[in-house]
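Model the following, please.
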Amino acid sequence: MFQDFGADDLQSFNILCLIAFAYCVVKIFFQNIKRGGILLIQIAVGALYMFSVPRGYTDGFVQWMKQVAAICLTAFLQTTILYLGLLTFPDNMLLGMGILLSANEVPRIAQQFGLDSSVKVNMMSVVHATTTAVNLTRTVARSVK
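Prediction:
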């Protein structure tokens, strides 16, 4: 009833595991590079949202804070699960592959809980924040003269 695996079956399984292993590591590596770029842009744009807070427009700032937290949390969880998969892989290849493949699902699961790590630009919020910053700069320049 049970059949022993031959050398060819084991070799094809090892090749399949190697391909899946490389896919997970490369995909998560490039996703983290992308998240780093998004985080740098979010940090640069965050100052514009802060100009709107004294005027009572906190929606953009709150969304900005949630997005920064989501990016950081997603990167942390994904890297941690990838590392755990890499630690498990030498002892149990099948379990390690499962953990590695589950690391790719972290952004989708986080999105289900309202932590969106993608970049969505609300143009009205950006225009409002920019206008507020320009008007504040003009006011400060007039008061200095």
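
hey, let's count contacts and neighbours off CA atoms from now on
Will do.

where are the low-confidence patches of this structure?
Scanning the chain for pLDDT under 70 picks out 1-9, 116-129.

Any chance you could spot the residue sitting in the middle of it?
Among the residues of the chain, the one closest to the centroid is residue 71, at 4.1 Å (C-alpha atoms, centre = their mean).

Just the element for that one, please.
Using DSSP states H and E, residue 71 falls within helix 59-88.

Buried residues, the helix or strand following that helix. List them.
For helix 59-88, the following helix or strand on the C-terminal side (DSSP H and E) is helix 93-103. Neighbour-count burial for helix 93-103 flags 93, 96-97, 99-101, 103 (criterion: 16 or more other C-alpha atoms under 10 Å).

quick one, helix 93-103 and helix 59-88 angle?
Relative orientation of helix 93-103 versus helix 59-88 (axes from the mean of the first three to the mean of the last three C-alpha atoms, to 10 degrees): 170 degrees.

next one: helix 93-103 to chain centre, how far?
How far helix 93-103 lies from its chain's middle: 20 Å, per C-alpha atoms, centre = their mean, to the nearest Å.

Name the residues of whichever helix or strand comes after that helix that are buried.
Sequence order places helix 106-112 as the next helix or strand after helix 93-103, per DSSP H and E. Neighbour-count burial for helix 106-112 flags 106-107, 110 (criterion: 16+ other C-alpha under 10 Å).
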